[in-house]
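*Asks:* Structure, please.
(one chain, ligands or ions: 2)
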Amino acid sequence: MSASGECLIIGGGIAGVSCAETLSILQPSLRTVLISASSLVKVATGVRQLTKTLDEFDVEERPFDWVESRNANLSVVWGEVASLNPEEHVVVLRDGRRFTYKLLCICSGGKPKLIANDHPSVIGIRDTESVKEFISKLGDARRVMIVGNGGIATEMASELKDVELIWVVKDDSVSATFVDAGAAQFFLSSRRTRKENNSDHSNTNDDKPKVSKRLKYTEVHPCRSMTTHGSALGPDWAADILMKGKSNGKYDLNIQYSCEVQALMTHEEYLSSGDKSADEDGTKEVRWPVYAKLTNGKTFGCDFVVSATGVTPNLDFARSVLPVDGIAVDGGMKVDERMETCLRDVFAAGDVCTTMWEPAPHWMQMRLWSQARQMGSYAAKCMVAKWNNEEITLDFGFEMFSHATRFFGFKVILLGLFNGQRLGKEYEILLRMNKGEEYIKAIVKDGRLQGAILIGETDLEETFENLILNRIDISRFGEDLLNPDVDIEDYFD
Ligand SMILES: Cc1cc2nc3c(=O)[nH]c(=O)nc-3n(C[C@H](O)[C@H](O)[C@H](O)COP(=O)(O)OP(=O)(O)OC[C@H]3O[C@@H](n4cnc5c(N)ncnc54)[C@H](O)[C@@H]3O)c2cc1C
Ligand SMILES: NC(=O)C1=CN([C@@H]2O[C@H](COP(=O)(O)OP(=O)(O)OC[C@H]3O[C@@H](n4cnc5c(N)ncnc54)[C@H](OP(=O)(O)O)[C@@H]3O)[C@@H](O)[C@H]2O)C=CC1
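*Replies:* Ligands and ions are numbered 1, 2, ... in the order given. A predicted model of the protein is given here:
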């Protein structure tokens, strides 16, 4: 069987769906086919604009016909793309179906980059299936190791209960992908305070997952022949499920800083290694399913290891036709400022791609929903421009990096060069911290705000965004920039 669309999209995650939706709005006459390896697609709903560059939205799973009914000329097909022939403008699915295209957008996302592939005691988290596996293993676990220092590890460290957690981080502070050491300390001490306050109330409210008000659909299991992951999980995934181990009422967080996993061993391998360090924690008699030797010389036995060590772009089906210089160092498909890859008429968006244009001074790529959605939509604009032979300029959203999320129960907003990225060592830091309430860090260089970390209900995001975007000279404020008694906005009225 063969079919064709003038536009073809591979991937039913946020990037693919936002590309399809934008195509349907901008040029409803274009016949578009979206191929998704998962039986539900991810849709951004309830979009709330917080500031000019910052949106908040829910990510929901929807059946194909729901999306088709809202988008003119869109067909959604369930299948896994196995190969791409860019000369003939054809993609072939694993089951043999062929689809031709005039313009193609690859939005095939990523998969977890694991510290050990195919190891029975190492799991990654990406889609619904992987979370089910995690929860089922966790229910029988007394001790879990998490390796990695980014989004997933941070969310797990704040949500896990009734288990001993060994958190292995490469850096000398936690959550380093997103925040600095000061903010990390703020999170950990707030967590301790919260735990102390709750210590008499274990197994009460906190013990239930928060009620999700969203519609739930059941994902049909991918055909056995499919090898691809489903779409990445939605917001609140960690809060919506109960992450509970088997040590009733006991939760310990043991952070191992500045180290990595050097080797994974079975019980027998551990015994014959002569290493005794895993016995020092009082569990000498326990036979753990896996032992992890760290580069700091310590070994820990545990029930299983979560590798939360980032994402590898998912482009296996295109690898054989991509020249070496079409793939970036991080494994992503290189795209230019029109979201075009080096293959003719082939665009890419979301986690699968790596942006290669000279970024605006305060923007950088991170593999996040907000960027997947923005790139999917912008790729559609670029496709329409190409179709109609029109010029297009880079979307405003690429002017400044912004991200809104929640860690350890706090609202977290990251703006611009929030960790002083690309600034070298010559910048000034202004800090305001109220333990358990707010942590505000402003990065200033040449008298201008370059970036900020806003944790808690600071209400500063709009003002700070304006200061960064408009490159306003803030030298006259000095440290008053963070003085709660000075209303910076008054100066601009
Ligand atoms: C646990 C977790 C929590 C996260 N939390 C946040 C957060 O709080 N905030 C945030 O901003 N970001 C978060 N992210 C990141 C965010 O989810 C991703 O950046 C975003 O979803 C990427 O969207 P995408 O459409 O590019 O890729 P994906 O969502 O991975 O979608 C790719 C799609 O392509 C399909 N596909 C792949 N290969 C093929 C093929 N060969 N044929 C057909 N279809 C194929 C897949 O089945 C899938 O439907 C989180 C990620 C994870 C894993
Ligand atoms: N709330 C949010 O915004 C969330 C976002 N996400 C997103 O989902 C995706 C997957 O999350 P996650 O897996 O946490 O990825 P992240 O990219 O957020 O973090 C990966 C972390 O693992 C570290 N790392 C990489 N390799 C190793 C290794 N071999 N040993 C030890 N540490 C290692 C990285 O360090 P280094 O950077 O030095 O390589 C980094 O600290 C990411 O795109 C993330 O942004 C996920 C959850 C929540």
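*Asks:* what residues does stretch 473-489 touch?
*Replies:* 430-432, 440, 442, 444, 447-449, 463, 467, 491 (Cβ atoms under 8 Å, 6 or more residues apart in numbering). No exception for glycine: its C-beta is placed from N, CA and C like everyone else's.
*Asks:* now Val147, nearest residue through space, not along the chain?
*Replies:* Val168 (4.6 Å; Cβ to Cβ, 6 or more residues apart in numbering).
*Asks:* what do you get for Gln374?
*Replies:* Counting by Cβ to Cβ, 6+ apart, the residue nearest Gln374 is Gly397, at 4.6 Å.
*Asks:* Confirm that the one you found sits in a helix.
*Replies:* Yes: checked against DSSP: H, G, I helix; E, B strand; the rest coil, Gly397 lies within a helix.
*Asks:* how far away is it from ligand 2?
*Replies:* 17 Å (Cβ to the nearest ligand atom, to the nearest Å).
*Asks:* Same question for Ser258.
*Replies:* Counting by Cβ to the nearest ligand atom, the gap from Ser258 to ligand 2 is 11 Å.
*Asks:* Just confirm that residue contacts Lys170, I think it does.
*Replies:* Yes: between Ser258 and Lys170 there is a contact under Cβ atoms under 8 Å: 6.9 Å.
*Asks:* can you pull the pLDDT of the residue lying closest to Pro323 once chain neighbours are set aside?
*Replies:* The spatially closest residue to Pro323, leaving aside those adjacent along the chain, is Cys342, at 6.3 Å (Cβ to Cβ, 6+ apart). Model confidence at Cys342, given as pLDDT, is 98.
*Asks:* tell me which element Cys342 is part of?
*Replies:* Assigned by DSSP states H and E, Cys342 belongs to no helix or strand.
*Asks:* which residues sit in contact with Pro28?
*Replies:* Pro28 neighbours (Cβ under 8 Å, 6+ apart): 72-73.
*Asks:* Quick check: the residue of the stretch 151-300 of the chain nearest ligand 2.
*Replies:* Gly151 (2.6 Å; Cβ to the nearest ligand atom).
*Asks:* and if you look at the chain?
*Replies:* Gly150 (1.9 Å).
*Asks:* Tell me, how many residues neighbour the closest residue to that residue other than its chain neighbours?
*Replies:* Once flanking residues are discounted, Gly150 sits nearest to Thr177: 3.7 Å by Cβ to Cβ, 6+ apart. Other residues lying near Thr177 total 15 when counted by other Cβ atoms under 10 Å.
*Asks:* Can you give me the separation between the residue of the stretch 151-300 of the chain closest to ligand 2 and ligand 1?
*Replies:* For Gly151, the distance to ligand 1 - Cβ to the nearest ligand atom - is 5 Å.
*Asks:* Quick one: residues contacting the residue nearest to Gly332 when sequence neighbours are not counted.
*Replies:* Of all residues not flanking Gly332 in the chain, Thr354 sits nearest, at 3.1 Å (Cβ to Cβ, 6+ apart). Contact analysis of Thr354 by Cβ under 8 Å, 6+ apart lists 313, 328, 330-335, 365.
*Asks:* send the alpha carbons of the helix or strand harbouring Glu61 over as PDB?
*Replies:* Glu61 belongs to strand 55-63 when assigned by DSSP H and E. Extracted in PDB, the C-alpha atoms of strand 55-63 (Å, rounded to 0.1, in the frame of the first residue of the first chain):
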ATOM      1  CA  ASP A  55       4.000  30.000  27.800                       C
ATOM      2  CA  GLU A  56       2.600  27.500  30.200                       C
ATOM      3  CA  PHE A  57       0.500  24.700  28.900                       C
ATOM      4  CA  ASP A  58      -0.600  21.200  29.600                       C
ATOM      5  CA  VAL A  59       0.500  18.300  27.400                       C
ATOM      6  CA  GLU A  60      -2.300  15.800  26.800                       C
ATOM      7  CA  GLU A  61      -2.500  12.500  24.900                       C
ATOM      8  CA  ARG A  62      -5.300  12.400  22.300                       C
ATOM      9  CA  PRO A  63      -6.500   9.800  19.800                       C
END
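*Asks:* Relative to it, what are the paired strands and their orientations?
*Replies:* Strand 55-63 pairs in its sheet with strand 40-49 (antiparallel), by DSSP bridges.
*Asks:* ok, residues contacting the strand it pairs with?
*Replies:* 12-14, 16-18, 34, 55-64, 66-67, 76, 217, 219, 231-232, 234, 369, 373.
*Asks:* Pull out the buried positions in it.
*Replies:* 40-44 (16 or more other Cβ atoms under 10 Å).
*Asks:* near ligand 1, which of those residues show up?
*Replies:* Counting by Cβ under 6 Å from any ligand atom, Lys42 from those sit close to ligand 1.
*Asks:* Identify the farthest-apart pair in the buried residues of strand 40-49.
*Replies:* Farthest pair in these (Cβ to Cβ) is Leu40 and Ala44. Separation: 14.1 Å.
*Asks:* Who are the contact partners of the residue in the stretch 301-450 of the chain that ligand 1 sits nearest to?
*Replies:* Residue nearest to ligand 1 within the stretch 301-450 of the chain: Gly350 (2.3 Å; Cβ to the nearest ligand atom). Going by Cβ under 8 Å, 6+ apart, Gly350 touches 11, 13-16, 107, 109, 371-372, 375-376.
*Asks:* Likewise for Leu26?
*Replies:* 380-381, 384.
*Asks:* neighbour-wise, which of those leads?
*Replies:* Counting by other Cβ under 10 Å, top hit in those: Ala380 with 29 neighbours.
*Asks:* Over to stretch 26-43 now: how far is its first residue from its last?
*Replies:* Using Cα to Cα, to the nearest Å, the end-to-end distance of stretch 26-43 comes to 18 Å.
*Asks:* domains of this protein?
*Replies:* Following the TED database, one gets these domains for the chain: 3-109+314-399, 112-197+227-310, 409-491.
*Asks:* Spell out which residues of the stretch 351-493 of the chain are next to ligand 1.
*Replies:* Counting by Cβ under 6 Å from any ligand atom, the residues of the stretch 351-493 of the chain that sit close to ligand 1 are 351, 367-370, 372, 405.
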